[in-house]
Structures are given as structure tokens and as C-alpha cells.
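> show me the folded form of this:
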Amino acid sequence: MYFERKDTIAYINEKMHCLAEDTDLFIVGGQSGIVIRNEGNLDNYNFTQIDFLYATMPDIVILCININDETEIIERTIKFIKGAVGCKIAALVVYPIFYEEEDIYKQRKAEMNIERFQLYKKKLEKKFALPVFLLSNSVDINKLVTTIIDRFSE
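Take a look at the predicted model:
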């Protein structure tokens with residue numbers, strides 16, 4: 001079944017509305033790529049994720065990022081999401097698996113060690129004034145849960 005973009009937004013929004021009668025909180029997950037690196041190629045535009053963002057109209061967003069993401073892309077993503085749906089970015093969560101920088105063919109994955117994460121975390125917290133958590137660290141994820149609860153308690 002194929003939907004036009006506006007129909008997709010309406011469909012998801014209607015389903016959420018129906019479920020809202022018995023639900024206090026929705027947790028939804030989207031994919032990356034809301035902001036693209038190369039605006040010159042229309043195939044790079046991720047309209048599916050943009051439509052999903054508009055359909056769900058989140059109150060807060062937890063933005064999952066990769067250590068290889070440039071801070072400019074992270075900043076543009078934050079601005080786009082906040083501008084598009086007027087929500088708050090509650091936190092940044094760093095995905096712990098990345099491609100080694102010297103691996104130009106992107107075949108060797110590595111897991112981030114805590115020292116590298118701490119350096120990256122300081123950089124991001126200074127730049128964005130947001131809490132930063134490591135996805136593979138259970139202590140961080142518990143802190144993230146507390147952050148989410150605090151955001152909804154404001």
C-alpha cells in the first residue's frame with residue numbers, strides 16, 4: 001500500500017489519537033538522516049523521517065548520534081527538529097559502535113572506550129548544553145530515564 005506524504009502523516013497521527021484514549025505516554029523511534037549532508041541530490045532527502053516527525057509531533061526528542069557525526073550536522077539536526085515541531089531535545093545518546101577513522105572502506109567496526117567517550121561527551125556538552133549518554137552504559141541509560149522523567153515533570 002502506498003500513501004501520499006500528507007496521507008502518511010494523517011494516518012499515523014490518527015492511529016496515535018485513537019491509542020491516546022488509554023495511553024499517557026508514547027515512545028516512538030525514528031531513523032537518522034533528517035538533515036542531509038549533500039543537498040544537491042534529491043535522493044538524499046529523507047522525507048519518510050520528516051513525515052514521521054510531523055505525524056508524531058513529539059514533546060521531547062532523544063537524539064542518537066555517532067562519534068563520526070560532524071557537530072555541524074548534529075547542530076543542524078537539533079535546529080531542524082526544534083523548528084519543525086517545537087519540541088525540546090532532552091539529551092544526546094552516543095551509539096558506541098563506529099568505523100575506525102583509517103578504515104576508508106568502512107569494514108572494521110570498533111566499540112568506543114570510556115576514555116574516548118568522556119572526551120567526546122565534554123565536547124558535546126560544551127557545544128550543545130545538553131546531557132550526553134553512552135548507549136552501551138547501563139548507568140548512563142538509568143540517568144537518561146531520570147532525565148526523561150524530569151523533562152515531563154517540568
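
> next one: stretch 123-139 to chain centre, how far?
Relative to its parent chain, stretch 123-139 has a centroid offset of 13 Å by CA atoms, centre = their mean, to the nearest Å.

> in the protein, which spans are helices?
Using DSSP state H, the helices found in the chain span residues 5-19, 47-56, 71-85, 114-128, 138-153.

> turn those into TSV, including distance to residue 38.
All C-beta atoms are positioned from the backbone trio N, CA, C, and that covers glycine. Below are those laid out as TSV (distance: least, CB to CB, whole Å):
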stretch	distance to residue 38
helix 5-19	21
helix 47-56	15
helix 71-85	11
helix 114-128	23
helix 138-153	32
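
> among those, show me which one is buried the most.
Each of these was scored by mean neighbour count; the highest is helix 47-56, a mean of 17, by mean count of other CB atoms under 10 Å.

> put the alpha carbons of it into PDB.
Listed next in PDB are the C-alpha coordinates belonging to helix 47-56 (Å, rounded to 0.1, in the frame of the first residue of the first chain):
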ATOM      1  CA  PHE A  47      11.100  12.600   3.600                       C
ATOM      2  CA  THR A  48       9.900   9.400   5.400                       C
ATOM      3  CA  GLN A  49      11.600  10.500   8.600                       C
ATOM      4  CA  ILE A  50      10.400  14.100   8.200                       C
ATOM      5  CA  ASP A  51       6.800  12.900   7.700                       C
ATOM      6  CA  PHE A  52       7.200  10.600  10.800                       C
ATOM      7  CA  LEU A  53       8.400  13.600  12.800                       C
ATOM      8  CA  TYR A  54       5.400  15.700  11.800                       C
ATOM      9  CA  ALA A  55       3.000  12.800  12.300                       C
ATOM     10  CA  THR A  56       4.100  12.000  15.900                       C
END
